[in-house]
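Chemist: What follows is a predicted structure for the sequence shown.
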Amino acid sequence: MKQREVVIIGAGPGGLCAAQKLLEGGAKVCLIDRNASLGGQLIKQTHKFFGSEKQYASKRGIDIMEILISSLTQYGDQLEIMTETSVVGMYSDKVIACVKKDKFFKIQAQSIILATGASEKSIPFENNDLPGVYAAGAVQTLMNEYGVKPGDNVLMVGSGNIGLIVSYQLMQAGINVKALVEAAPSISGYLVHASKIRRLGVDILTNTSVKRAIGSEQVKQVEIWDLDPTWQGIEGSERILDVDTICISVGLAPLTELLQQLGAEVRYIKELGGNVPVIDKRYETTVKGVYACGDVVGIEEASSAMVEGKITGLNALEDLGYDIRASRLEMKALHEELKFLRDGPHAAKVRAGYLKRGMLT
Amino acid sequence: MRIKEHPILNFKAKDQVSFSFNGKTLYGVKGDTIASALHANGVKKLSESIHLKRPRGFYCAIGNCASCNMVVDGKPNTRTCITPLEEGMVVENQHGKGRV
Ligand SMILES: Cc1cc2nc3c(=O)[nH]c(=O)nc-3n(C[C@H](O)[C@H](O)[C@H](O)COP(=O)(O)OP(=O)(O)OC[C@H]3O[C@@H](n4cnc5c(N)ncnc54)[C@H](O)[C@@H]3O)c2cc1C
Ligand code: FES
């Protein structure tokens, strides 16, 4: 079995920033991702980011990704990168089971940082399994990473920032967005994003949802209907739109399964996206030497994933016996930064989640 | 269905990669995954549900949901959304759970 000092699972902004701190401090890092390239969600984000200056606000996700990846190249053998490698199991003695192509192997780690991010949720409606019903992030990957159109006419479901941003990006790629439906009475994402797509002629229909997708081999049409205040469909309000793609953007769920296999405690906190690991202020889980950061500890943003990654990396470094006294001030600043990112009305949900977690100072 | 013009991204012409899909020769480009190449060729149905044989396309595109599982070079349950396309690959729709 391979022996490694620190294994980081997931090379999104969280994992990449954790790696950076560990490498700076002198630890040997093994970075694993099931994708062929590094970057996680950032790889498809062509829009300029919100957040703070320090976390590269107003830069595009794809450019932030380049900065993070290039900061790791100087470390040579100190960093081992395993792409196209899926972690399929974790054991309480910190043994990690991996599959790369058709090879299965195990790694014994001293420390593990889980930065697996999240998966997109779906909603129930008739025929929601037809080809042409895609998660919004998946559509974004297809368009922005591979340059392929998901279809010609799209219905977007969900008015969070992802739904709004992906609608705009669909239009940038020359694809028609027929409408955006939102079950709630109001738009849930930032108004700037909503106004942008409204100006381009997209109807944002609140109190509206999908009744069914129509088609046999793939989506040909969609039937939408109005919802009453209890979110029940109103008979007689149905109308049919000609679309070949239904894009679902109804939130994300943290990918905590691996932590559960390992025996780390998880807890249901709705505001953070569902089952999330129990962690302390140092981002250590209930299993010693196993840490988690980024969307997997609670659905937030790339900016907070980066800060959490750095905090986690420094703590893991300390627990491995490295001297991090020189980083005390940095650590303090990172916690301040997180506080700043979680301030303001747009972060109310995250704050409520962290309050439940007992981690709001 | 490739994007030709884009205000931010630059999709330069890339080298072609040929592969077979259910016995037919199709072309993708360098950098494609199997699923993106199929989609660019208008192929949306990738797998079938196990019991009712309902058509399935991709859903998550991050290797998490198994909706894109296909038989690739004889190997079933290959997640085509995260598997890079390679010259000469033999790709087939998967029926049922697949056997190794
Ligand atoms: C459309 C959209 C717009 C957004 N806009 C903004 C914005 O403006 N500002 C902002 O700050 N944030 C934004 N975000 C959010 C941000 O992208 C995420 O919060 C961030 O990427 C989370 O980082 P992460 O490192 O936790 O996870 P991810 O970026 O999701 O990375 C997780 C990585 O783990 C890998 N992985 C998962 N499971 C395994 C496994 N079993 N084995 C191996 N590898 C695995 C995945 O392949 C992936 O690369 C946006 C997100 C989307 C989808
Ligand atoms: S589309 Fe979900 S695993 Fe490939």
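Modeler: Structure's in. What do you need? Ligands and ions are numbered 1, 2, ... in the order given.

Chemist: mind checking how far the residue most central in space within chain B is from A:Gly25?
Modeler: Centroid-nearest residue in chain B: B:Ala35, 2.3 Å away (criterion: CA atoms, centre = their mean). As for B:Ala35, its distance to A:Gly25 is 39 Å (criterion: CB to CB, to the nearest Å). C-beta coordinates here come from the backbone N, C-alpha and C atoms, glycine included.

Chemist: If you check chain B against chain A, which residue is the closest one?
Modeler: Per CB to the nearest CB, B:Gly57 is where chain B lies closest to chain A, at 2.8 Å.

Chemist: In terms of pLDDT, where does that residue sit?
Modeler: Note for B:Gly57: predicted pLDDT of 95.

Chemist: Spit out the contact partners of it.
Modeler: Neighbouring residues of B:Gly57 by CB atoms under 8 Å, 6 or more residues apart in numbering or on different chains: A:130-134, A:218, B:44-46, B:67-68.

Chemist: 10 Å instead, please
Modeler: B:Gly57 makes contact with A:129-134, A:138, A:150, A:217-219, B:35, B:38-39, B:43-47, B:67-68, B:81, according to CB atoms under 10 Å, 6 or more residues apart in numbering or on different chains.

Chemist: go on, A:Asn315?
Modeler: Counted by CB under 10 Å, 6+ apart, A:Asn315 has contacts A:18, A:21, A:111, A:113, A:280-284, A:291, A:293, A:324, A:331.

Chemist: Of the contacts of B:Gly57, grab the buried ones for PyMOL.
Modeler: Restricted to buried positions by 16 or more other CB atoms under 10 Å in any protein chain shown, the PyMOL selection for the contacts of B:Gly57 reads:
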select buried, (chain A and resi 129+130+131+132+133+134+138+150+218+219) or (chain B and resi 35+38+39+43+44+45+46+47+67+68+81)
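
Chemist: Narrow the contacts of B:Gly57 to those in helices?
Modeler: Counting by DSSP state H, the contacts of B:Gly57 place A:138, B:35, B:38-39 in helices.

Chemist: Kindly indicate which of those lies nearest A:Asp244.
Modeler: B:His39 (11.8 Å; CB to CB).

Chemist: was I right about the closest one contacting A:Val148?
Modeler: Yes. At 5.2 Å, B:His39 and A:Val148 qualify as touching, with contact defined as CB atoms under 10 Å.

Chemist: which neighbours do these two share?
Modeler: A:142, B:1-2, B:28, B:32-33.

Chemist: where's the dip in pLDDT among these?
Modeler: B:Met1 (82).

Chemist: Contact partners for the nearest residue to that one once chain neighbours are set aside?
Modeler: Nearest in space to B:Met1, with sequence neighbours left out and distances taken as CB to CB, 6 or more residues apart in numbering or on different chains, is A:Lys149 at 4.2 Å. Neighbouring residues of A:Lys149 by CB under 10 Å, 6+ apart: A:139, A:142-143, A:170, A:173-175, A:244-245, B:1-4, B:39-40.

Chemist: among those residues, which ones are buried?
Modeler: Judged by 16+ other CB under 10 Å, buried ones among the contacts of A:Lys149: A:139, A:142-143, A:170, A:173, A:175, A:244-245, B:2-3, B:39-40.

Chemist: what's near enough to touch the residue in the stretch 251-361 of chain A that ligand 2 sits nearest to?
Modeler: Closest to ligand 2 within the stretch 251-361 of chain A is A:Leu255: 12.5 Å, counting by CB to the nearest ligand atom. Listed by CB under 10 Å, 6+ apart, the contact partners of A:Leu255 are A:9-10, A:114-119, A:275, A:294-296, B:62, B:64.

Chemist: same thing with A:Gly344?
Modeler: Under the criterion of CB under 10 Å, 6+ apart, the contact partners of A:Gly344 comprise A:Arg351.

Chemist: any idea how far it is from A:Ala194?
Modeler: Distance from A:Gly344 to A:Ala194, by CB to CB: 18 Å.

Chemist: picking up where we left off before, please convert the ones in helices among the contacts of B:Gly57 to JSON lines, extending it with distance to ligand 1 and pLDDT.
Modeler: As requested, the ones in helices among the contacts of B:Gly57 are exported to JSON lines (distance: CB to the nearest ligand atom, whole Å; pLDDT from 0 to 100):
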{"residue": "A:Ala138", "distance to ligand 1": "10", "pLDDT": "95"}
{"residue": "B:Ala35", "distance to ligand 1": "15", "pLDDT": "97"}
{"residue": "B:Leu38", "distance to ligand 1": "21", "pLDDT": "97"}
{"residue": "B:His39", "distance to ligand 1": "19", "pLDDT": "97"}
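
Chemist: Right, I'll leave it there.
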